[in-house]
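>>> missing the sequence, but the structure's below:
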């Protein structure tokens, strides 16, 4: 937290001094040694790895605090540096303790059994990294301006500098290890393998990696011209992508007006693509806008126009993403992924609102981009902190949503098979376990016994790999397949076949493996005088042809790969008996008693030409 620095504090601001370099490199080495100690404790299953509430916070502190300190040394006064690191210490400890508390207690209470239970979750890392990056940049910029809220140019300079420094340090560390591998290969040519053996030890690998990374971070800070050159080149190149991205997004939105929204919802990933497009536009807009002085009226009309158009395009993208998520939530309720998507939509909405206002201003257009970026960064920080705390924990909200839908459902219409016990057990964290324990004592309702049994079975599972699925019910083909014409009956031998044990079971029409699906079976004779075959056509699978073999058993001959629009024409032709069967383009080949078939090279899904009128 920025305060007026004292003269003594100013003496410690030496970004290129020997003291700064020694402190940074020393912190890198210390970080490596601490990480190795934690790694050794985890693999040997000794303290502190046997204490999850201690191990995970210690791991988070060792991963992030030294990097934040290395980046801040020489820029923050001693007082502000200690305050910032103290705040990081409290926050990371709190996040680590909560991460363990919310976990399935039955899996980590046997702490020595599996050290992987003590590692941070992917969600924790994915939210911590960008959150700490934004916070670090804002703290350094605020200290530079001696204000709690710095000017936008300071935020811009500090954020891009920090980003380039981290990327450069990662690249340097990767190249450092490449040189080591090449060196070991050279020594191996003369029968010296000491370097190769040294590189196989974790006590060498971990400290050397952190040492190289800290040295690169110091070098990029001590040589600001390196960062400035890379940043200028990067922003110049990326800025020329904005016109192309603007045209593509505008064309996509225009295409929606012609095709409608149904194809978009049918993909099942509309929200992800739309939010990704928003992130792309925001990034490219800022590569052009930069610190606010790049787009001055009368100098860059073309880029100003592109920025204004791109800012306006964010609004329909965010609205479509929000509507898509609303449809899924209304139908299926909240899940962890949908809650995370909703958080991303909230952040995108902040950008879209501020950017749209900035684009529509006649005087000083785009001036509001700067305050919008600052407010968006604050929104990101508070959103990430909420997601990593009980306030908006995705697991807690998702479990509460699923339990609410369960309690509000009509008991007579409740489908127990749709209760996701697996999600509650392995993805609902502590909240899912509590919900399963509650369901395991279910006493009321017509399905109480089934719910109680499913909950107890889920609680008994030790890991995801131990899941045992109930056998699928046998499908009554007489109910799922309708003969055409209706007065005919399906062959008794076809109905008597046990299709559930066939190797090609997943190639069968859906109506033959899932109850509740419907297909139509047409009796066809591809060759005059030959035995009848069955052409089965369903809505959710490709048309399939069945015939009897030499022993009288029905077999799946294959599928007819056609598009959905062509399927209706096939139904009509089969209904009217107008199917025109053709001989294969290439005969089969018999080689040593084995029949070889030539596979066609046509498109996977063939379309039918429109009928001539």
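Now that the structure is in, tell me what you want to look at. Here the structure is a predicted model, which is why all the values come from computation and not from measurement. Numbers count the residues shown, from 1 in each chain.

>>> in this structure, which segments are predicted with low confidence?
Applying pLDDT under 70 to the chain flags residues 1-18, 104-118, 266-268, 294-299, 409-418, 463-474, 503-505, 565, 599-613.

>>> Pull out the buried positions in the lengthiest strand in it.
Longest strand in the chain by number of residues (criterion: DSSP state E): strand 541-548. Neighbour-count burial for strand 541-548 flags 541, 542, 543, 544, 545, 546, 548 (criterion: 16 or more other C-beta atoms under 10 Å). Backbone N, C-alpha and C define where each C-beta goes, glycine included.

>>> One more: stretch 87-99?
88, 91, 92, 93, 95, 96, 97, 98, 99.

>>> a markdown table for those residues, including secondary structure and distance to residue 248?
Formatted as a markdown table, the buried residues of stretch 87-99 follow (DSSP: H, G, I helix; E, B strand; the rest coil; distance: C-beta to C-beta, whole Å):
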| residue | secondary structure | distance to residue 248 |
| --- | --- | --- |
| 88 | helix | 40 |
| 91 | helix | 40 |
| 92 | helix | 40 |
| 93 | helix | 45 |
| 95 | helix | 39 |
| 96 | helix | 42 |
| 97 | helix | 46 |
| 98 | helix | 42 |
| 99 | helix | 40 |
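
>>> quick check, nearest of those to residue 218?
The closest of the buried residues of stretch 87-99 to residue 218 turns out to be residue 88 (C-beta to C-beta; 19.5 Å).

>>> Run through the helices of the stretch 151-300 of the chain in chain order.
Secondary structure of the stretch 151-300 of the chain (DSSP state H, counting those that start in this stretch): helices at 152-189, 194-199, 202-222, 224-239, 242-259, 262-266, 270-289.

>>> okay, the angle between the first one and helix 202-222?
Read that as helix 152-189. Using axes from the mean of the first three to the mean of the last three C-alpha atoms, to 10 degrees, the inter-axis angle of helix 152-189 relative to helix 202-222 is 140 degrees.

>>> For helix 152-189, enumerate the helices and strands it packs against.
Packing partners of helix 152-189 (3 or more C-beta pairs under 8 Å, 6 or more residues apart in numbering; DSSP states H and E): helix 122-145, helix 194-199, helix 202-222, helix 224-239, helix 369-387.

>>> 6 Å - rerun?
If contacts are counted by 3 or more C-beta pairs under 6 Å, 6 or more residues apart in numbering; DSSP states H and E, helix 152-189 sits against helix 122-145, helix 194-199, helix 202-222, helix 224-239.

>>> who's sitting farthest from the centroid in the protein?
Distance from the C-alpha centroid of the chain, by C-alpha atoms, centre = their mean, peaks at residue 529 (57.1 Å).

>>> Checking that one next. Helix, strand or coil?
Three-state call for residue 529 (DSSP: H, G, I helix; E, B strand; the rest coil): coil.

>>> give me phi/psi at it?
The phi/psi pair for residue 529 (degrees, to the nearest 10) reads phi 80, psi -10.

>>> picking that back up, okay if I get the buried residues of strand 541-548 as JSON lines plus distance to residue 493?
JSON lines is the format used below for the buried residues of strand 541-548 (distance: C-beta to C-beta, whole Å):
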{"residue": "541", "distance to residue 493": "22"}
{"residue": "542", "distance to residue 493": "23"}
{"residue": "543", "distance to residue 493": "21"}
{"residue": "544", "distance to residue 493": "17"}
{"residue": "545", "distance to residue 493": "16"}
{"residue": "546", "distance to residue 493": "11"}
{"residue": "548", "distance to residue 493": "7"}
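
>>> between those residues, which is closest to residue 248?
Nearest to residue 248 among the buried residues of strand 541-548 is residue 542, at 33.2 Å by C-beta to C-beta.

>>> list the contacts for the residue nearest the centre of the chain?
Closest to where the C-alpha atoms of the chain average out (C-alpha atoms, centre = their mean) is residue 337, at 8.2 Å. Residues near residue 337 by C-beta atoms under 6 Å, 6 or more residues apart in numbering: none.

>>> Check which residues of stretch 357-374 are buried.
By 16+ other C-beta under 10 Å, the buried positions in stretch 357-374 come out as 358, 359, 365, 366, 368, 369, 370, 372, 373, 374.

>>> Endpoint to endpoint, that stretch covers what distance?
Stretch 357-374 has an end-to-end distance of 15 Å (criterion: C-alpha to C-alpha, to the nearest Å).
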